[in-house]
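In: Give me coordinates for this.
(5 chains, ligands or ions: 5)
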Amino acid sequence: MANWQWFHKWGSPRWFYQFSGRLLPWLAIPALLLLVGGCVWGLAFVPADFKQGNSFRIIYIHVPAAAVAMGGYMLMATAAAVHLIWRMKLAAIVMKSAAPIGAALTFLALLTGAVWGKPTWGTWWVWDARITSVLILFFLYLGLIALHQAFENRDAAARACAVLAIVGAVNIPIIYWSVEWWYSLHQPASIKFVGESTIHPTMLRPLMATLSGMYLFFGWVLLLFVRAEIIEREKNTRWVQALVSDK
Amino acid sequence: MGTGAVMFAVLRRDLQAALRRGSEWSNPLLFFLMVCSLFPLGIGPERQQLAVLAPGIIWVVALLASMMATDGLFRGDYDDATLEQLLLSPLPLYPLVLAKTFGHWLVSGLPLSLLSPLLATILQLPSEGLAVLMVSLLLGTAVLSFIGAIGAALTVGLRKGGLLLSLIVLPLYIPVLIFGSAAVKSAIDGMAYLPPLAVLAALLMAALALAPLAIGGALRISVDQ
Amino acid sequence: MGTGAVMFAVLRRDLQAALRRGSEWSNPLLFFLMVCSLFPLGIGPERQQLAVLAPGIIWVVALLASMMATDGLFRGDYDDATLEQLLLSPLPLYPLVLAKTFGHWLVSGLPLSLLSPLLATILQLPSEGLAVLMVSLLLGTAVLSFIGAIGAALTVGLRKGGLLLSLIVLPLYIPVLIFGSAAVKSAIDGMAYLPPLAVLAALLMAALALAPLAIGGALRISVDQ
Amino acid sequence: MSLSPPDLKLHNLYSERDERVLFAGLSLSVSAGDVVQLAGPNGSGKTTLLKILAGLSSRYEGDIYWRGENLITRREDFRQHSLYLGHGSGIKAQLTALENLRWSCAVRGQQVADADLHRALTKVGLGEFIQQPCYSLSAGQQRRVNLARLFCCPAQLWLLDEPFTAIDQRGVAEIEQWICDFADNGGMVLLTTHHPLSLPRPLRRIELGGGS
Amino acid sequence: MSLSPPDLKLHNLYSERDERVLFAGLSLSVSAGDVVQLAGPNGSGKTTLLKILAGLSSRYEGDIYWRGENLITRREDFRQHSLYLGHGSGIKAQLTALENLRWSCAVRGQQVADADLHRALTKVGLGEFIQQPCYSLSAGQQRRVNLARLFCCPAQLWLLDEPFTAIDQRGVAEIEQWICDFADNGGMVLLTTHHPLSLPRPLRRIELGGGS
Ligand code: HEM
Ligand SMILES: Nc1ncnc2c1ncn2[C@@H]1O[C@H](COP(=O)(O)OP(=O)(O)OP(=O)(O)O)[C@@H](O)[C@H]1O
Ligand SMILES: Nc1ncnc2c1ncn2[C@@H]1O[C@H](COP(=O)(O)OP(=O)(O)OP(=O)(O)O)[C@@H](O)[C@H]1O
Ligand SMILES: [Mg+2]
Ligand SMILES: [Mg+2]
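Out: Ligands and ions are numbered 1, 2, ... in the order given. Predicted structure coming up:
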């Protein structure tokens, strides 16, 4: 029983609210530093690419956004499983909060990719395997958000979405694999991603900075969403009212 | 209370109910988006090929999205028996039905038309067609809403609406589909696109004048079973 | 009464109910037929072009038809509260749900697959692809029924099922679409079509094993609101 | 008032369902102040009769007169002055009680001030639940939202199909009181119910036969 | 029999909806032969409680014991021995009364001979309507099809949510008689209703407070 203590503590919204309050600055400051620093570094100090000119610099947003969007889904599915198995309310809140952030980042990846595609490929959009996968990921996020909205009842919404998130997580590898296969079946000769390995170390270092910055940023925004949701849900409890009257 | 005020009240409740659940206006949109992106997966990613098909695909899918949204137009009211209240109103049915159908277009056809340029880009539609696509969809989805409403009214008393509706309504949709996609294709090919658009506008006028009568009659029949 | 007998009783009632109204099995079929014939209207009747597109179009439309039919899978039972009886059964839910989903495939996916050669001919699909098309649809629509049933179970407690269901379910349908249409295309091009068919069969096995669990859980959630 | 000709008159009404006669030769006069209970076992055609009167069903033979003229020619006037509360819930689940009531009045062409709507809802015991969406109300509470229409939509004839369904005992007594008050002021009420009514005024019972 | 421990025991049950407490600290023991009426005004949580007991809802805190053990661990046994009749119609409209009843028994794992189904339907007064699709039955007749399950599905605990809705007066008396007979034979009944019950045997009333 004793080693379950931490679990119950984490499950308590009140405790989590107080704990996360202390955590916030430790996420926010490095996140902003890394993101802003990485971007400035990438935009101002990295030499232009000999093939793509300056347009490649969008990579410093594009790649982190795409990577974190993927990771966000997995986090959401994990929270969903925790909620279904242990009935942990906090997990439901995390799941619900992660969805719009993940969807926004996916959208950002799509948008930056499209903006990048225009100068590089001469078109906003191509049906490349990776791009298609990201689009489907976006749909998965949207479906989840729509399902959550459709429920009038919060608990039922959380549990239904948890089932869907897990079903989606089981499907993601299948989807990726099938889209990859679909693309290689068609083999359009004209357009391909440049091999990832060719990226120059001087370009890579700022990318690493913005990538880790994006992860921290995700964590920070997630905490903000979760905290807002906790306050909303517990608005009638004594501790929240005390909190409000203190301010 | 004048007819205008009553129409406004009907419209207002429907919009309120639609916005409160959000899904009512966002879902046809997302459906449109998703099904359009299914096609490249089924057909293949080649750009040239997609560009040729884009007007047809977008129009067919817009038609399906509009049709699926139409299914719920009177069903909710029938199930909760507010439809009875509407039919027992001492006012003429024409403006009431008109308001309901217009409200439905506002939350289904309108957002869909506004989103269409995005989809057109994804499907590699040449940019000359974008404006005409949007206009043709604005006119066309309004006609579709009115035709669909007739079907919805006829099937509302039956348990399984969805597919039956599509069977009744699809043949009537066909002229809209033909002129709508023809307008877009003409615009891309640099030909005159105004004639098909004018036909769509004429269809809309006819639907505005006649459809509410048919809808009202169909509703009375559906309730009396 | 053994599990087999109970499954048979569940299956029997669903088939009886479906056959009695007829529309349940005929509507997906007619939808399939009509939408497939809309495409030549939207795209243009060129033979060469259609033949290339046919596998993709047929598969996409079959997918839509199957999805639309799925919407009603649990809705009727939910509305008339027979779903409560199912959930309160002392027997395990797995076989009951399996029987229901299988029954649904029997009245939606099966007739659609059997009709597909006709449509393929209309859409100028080369005859080498016919057999593979049918087999791929038989396997594929079964997978679609199972995935769709998860979505239907999740949304059955909500008023507006139709479009929400499609949002949830369409992304999950994509692998089936890809392998199904790929099998047909391979067969037409004279390439190996067994690998994609084998993948479909594997997906079906996985769905058989896992989907009923998710469906049962989702139903319990939907009823408890 | 009882000397004036009846407002609503059914003459030799006949209706059948699936070749089973529900009622035949049914005649009935309703004047101001009358309360008529349609009684009869399950399946005897009470709902059917009410729907015919309301104008939702045309599956009958015989004549119905409204204020001396055939109802068919006076539908509009009849709709203006009658109020039908059917089996169904009659409310949109995602709207609040207030919004529902406002809409119900509007489709009758009546613009009612919010204060009046409030008063009506308070009268049916929903004072606290006015701003709550109706899906979160219990069976009886939803029924009460529908009943609130009685106080917002002025009418001379109430057609009530099982108004007491899902209503608790105090509620039943209240509704009976409203019916009395309404009749005292010259209203007419036709209602179906299986409840034994206890009204402090004369009540006519029409027994529909047959049924199971 | 009354000395044996209670079959169903609720201990300190608590449930809320939208932050409104429906019941708290509710304790109740039900043994063989008990008839318990859940009473209370509209919205007081009767339906909610019945659904919790039936296992359709898990929105509660507290403990429920079935034959001495926690209900959660004995769900299957409980389902085997309990029969829930809810608000809903519980029948498929396009099937006949007979087919509906047969299915209802089958999902409980019971194979019942057609003659027995016939007898049950005749008992609830649907003898003539057995082969008619249910959509063509009146409100009360549909309800009776559902009630016929009481005679085909052996159970020890009946959970009845407003069983008298839409039932005519003779029917109400009959159902009351069935409840008595069932309890006399060692059955347990929990029911909600707004009807004043007149049973020839002791009846426990649990008043749920609050509500509108
Ligand atoms: C999982 C999602 C994605 C990941 C991990 C990802 C990652 C990357 C990486 C690492 C590069 C640099 C490639 C290189 O120059 O070596 C890149 C380039 C690019 N990406 Fe993405 N990307 C994703 C999704 C997208 C999407 C959705 C789009 C379009 C909407 C897109 C459009 C582009 C474009 C146009 C380039 C430049 C291509 C080129 O250099 O030839 N990407 N992406
Ligand atoms: N849609 C329908 N199609 C065919 N028959 C119908 C239909 N609706 C009702 N009936 C038949 O009409 C008869 C009368 O039904 P009605 O609903 O008027 O009865 P009721 O008196 O209101 O009964 P209850 O007390 O049960 O509400 C019933 O026997 C029923 O079988
Ligand atoms: N889906 C829901 N969401 C939110 N609240 C609900 C929901 N269903 C019921 N409630 C609330 O729970 C309370 C109890 O409802 P319940 O249906 O149990 O009442 P009841 O005692 O059965 O009333 P009645 O006599 O009217 O049937 C009501 O106040 C209602 O507002
Ligand atoms: Mg009735
Ligand atoms: Mg209740």
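In: what's the nearest residue to the residue in chain B that chain A sits nearest to if we skip its chain neighbours?
Out: Going by Cβ to the nearest Cβ, chain A is nearest to residue B:45 of chain B, at 3.1 Å. Every residue, glycine included, has its C-beta placed from N, CA and C. Using Cβ to Cβ, 6 or more residues apart in numbering or on different chains and skipping the chain neighbours, the partner closest in space to residue B:45 is residue A:127 (3.1 Å).
In: what's the helix or strand for that neighbour?
Out: Here residue A:127 sits in a region with no helix or strand, counting by DSSP states H and E.
In: wait, it sits on residue B:42?
Out: No - here residue A:127 does not reach residue B:42: they are 11.4 Å apart, not a contact under Cβ atoms under 8 Å.
In: still on that earlier bit, burial check on the residue nearest to residue B:45, number of neighbours?
Out: Using other Cβ atoms under 10 Å in any protein chain shown, residue A:127 has 25 other residues around it.
In: What pLDDT is listed against it?
Out: Here, the pLDDT recorded for residue A:127 equals 85.
In: so who does it touch?
Out: Residues near residue A:127 by Cβ atoms under 8 Å, 6 or more residues apart in numbering or on different chains: A:183, B:40, B:45, B:50.
In: What ranges does chain D have for its helices?
Out: Taking DSSP state H to define them, one finds helices in chain D at D:46-54, D:75-81, D:97-107, D:114-123, D:139-147, D:149-152, D:169-184.
In: From residue C:76, how far out is whatever residue of chain B ends up closest to ligand 4?
Out: Closest to ligand 4 within chain B is residue B:81: 13.4 Å, counting by Cβ to the ion. Residue B:81 is 19 Å from residue C:76, where distance means Cβ to Cβ, to the nearest Å.
In: Looking at the two, which has the bigger crowd around it?
Out: Between residue B:81 and residue C:76, residue C:76 has the larger neighbour count (other Cβ under 10 Å), namely 20 against 17.
In: got the contact list for residue A:125?
Out: By Cβ under 8 Å, 6+ apart, the residues touching residue A:125 are A:114, A:117, A:131, B:121, B:122, B:124.
In: what helix or strand is the closest residue to the fifth one other than its chain neighbours on?
Out: Spatially, and ignoring its direct neighbours in sequence, residue B:122 is nearest to residue A:125 (4.9 Å; Cβ to Cβ, 6+ apart). In this structure, residue A:125 sits in neither a helix nor a strand according to DSSP H and E.
In: before we move on, back to that, tell me the secondary structure at the residue of chain B closest to chain A.
Out: coil (DSSP: H, G, I helix; E, B strand; the rest coil).
In: so who does it touch?
Out: Neighbours of residue B:45 in contact, by Cβ under 8 Å, 6+ apart: A:126, A:127, A:128, A:132, A:183, A:186, A:188.
In: I'd say the fifth one and residue A:132 touch.
Out: Right, the one you point to is residue A:183. Yes - taking contacts as Cβ under 8 Å, residue A:183 lies within contact range of residue A:132: 7.3 Å.
In: How about the secondary structure of the residue of chain A found nearest ligand 4?
Out: Taking Cβ to the ion, ligand 4 has its nearest neighbour within chain A at residue A:152, 29.6 Å off. Using three-state DSSP, the structure places residue A:152 in coil.
In: Leaving out sequence neighbours, find the closest residue to it.
Out: residue D:135 (5.7 Å).
In: what's the answer for residue A:62, then?
Out: Residue A:62 sits nearest to residue A:112 (Cβ to Cβ, 6+ apart), 4.0 Å away.
In: give me the number of residues near the one you found?
Out: Neighbours of residue A:112 under the rule other Cβ under 10 Å: 19.
In: and if you look at the one 5 residues further on?
Out: A total of 19 residues lie near residue A:117 under the criterion other Cβ under 10 Å.
In: tell me the SS of it?
Out: Under three-state DSSP, residue A:117 comes out as helix.
In: can you tell me which residues contact it?
Out: Contacts of residue A:117 (Cβ under 8 Å, 6+ apart): A:123, A:124, A:125, A:126.
In: Next, count neighbours for residue 108.
Out: Just going to use chain A. 18.
In: wrong chain, I was asking about chain D
Out: 24.
In: Please list the residues of chain B that sit near ligand 2.
Out: Contacts of chain B with ligand 2, taken as Cβ under 6 Å from any ligand atom, map to residue B:225.
In: ok, stretch B:175-189 near chain A or not?
Out: No - using Cβ under 8 Å from any Cβ of the partner chain, stretch B:175-189 never reaches chain A; the gap is at least 15.8 Å.
In: is chain E contacted by the host helix or strand of residue A:167?
Out: Using DSSP H and E, residue A:167 sits in helix A:154-186. Yes - applying Cβ under 8 Å from any Cβ, one finds helix A:154-186 in contact with chain E at residue A:155.
In: helices or strands up against the helix or strand following that helix?
Out: Of the helices and strands lying after helix A:154-186 in sequence (DSSP H and E), the nearest is helix A:201-233. The helices and strands touching helix A:201-233, judged by 3 or more Cβ pairs under 8 Å, 6 or more residues apart in numbering or on different chains; DSSP states H and E, are helix A:13-40, helix A:59-86, helix A:89-121.
In: nearest to residue E:111, of those helices?
Out: Closest of the helices and strands packed on helix A:201-233 to residue E:111 is helix A:59-86, at 35.5 Å (criterion: Cβ to Cβ).
In: residues contacting the nearest residue to residue D:65 once chain neighbours are set aside?
Out: For residue D:65, ignoring the flanking residues on the chain, the nearest one in space by Cβ to Cβ, 6+ apart is residue D:9 at 4.2 Å. By Cβ under 8 Å, 6+ apart, the contact set of residue D:9 is D:27, D:28, D:29, D:30, D:64, D:65, D:66.
In: how much space is there between residue D:32 and residue D:178?
Out: Relative to residue D:178, residue D:32 is positioned 17 Å away (Cβ to Cβ).
In: cool, residue A:34 as well?
Out: 70 Å.
In: Neighbour count for the two, which is higher?
Out: Comparing residue A:34 with residue D:178 by other Cβ under 10 Å, the one with more neighbours is residue A:34, at 22 against 18.
In: Hmm, that one is touching residue A:210, no?
Out: Yes - contact criterion Cβ under 8 Å: residue A:34 and residue A:210 qualify, at 6.7 Å.
In: Can you tell me the closest non-neighbouring residue to whichever residue of chain D sits closest to ligand 1?
Out: Of all residues in chain D, residue D:94 sits closest to ligand 1, at 36.0 Å by Cβ to the nearest ligand atom. Nearest residue to residue D:94 in three dimensions, chain neighbours excluded: residue B:20, at 5.0 Å (Cβ to Cβ, 6+ apart).
In: Tell me the predicted confidence for that neighbour.
Out: As predicted, residue B:20 sits at a pLDDT of 74.
In: what about it, which helix or strand?
Out: Going by DSSP H and E, residue B:20 is in helix B:3-21.
In: Which positions within that helix qualify as buried?
Out: For helix B:3-21, the neighbour count (16 or more other Cβ atoms under 10 Å in any protein chain shown) marks B:6-7, B:9-18, B:20-21 as buried.
In: Report the angle between that helix and helix D:97-107.
Out: With axes from the mean of the first three to the mean of the last three Cα atoms, to 10 degrees as the basis, helix B:3-21 and helix D:97-107 are set at 150 degrees to each other.
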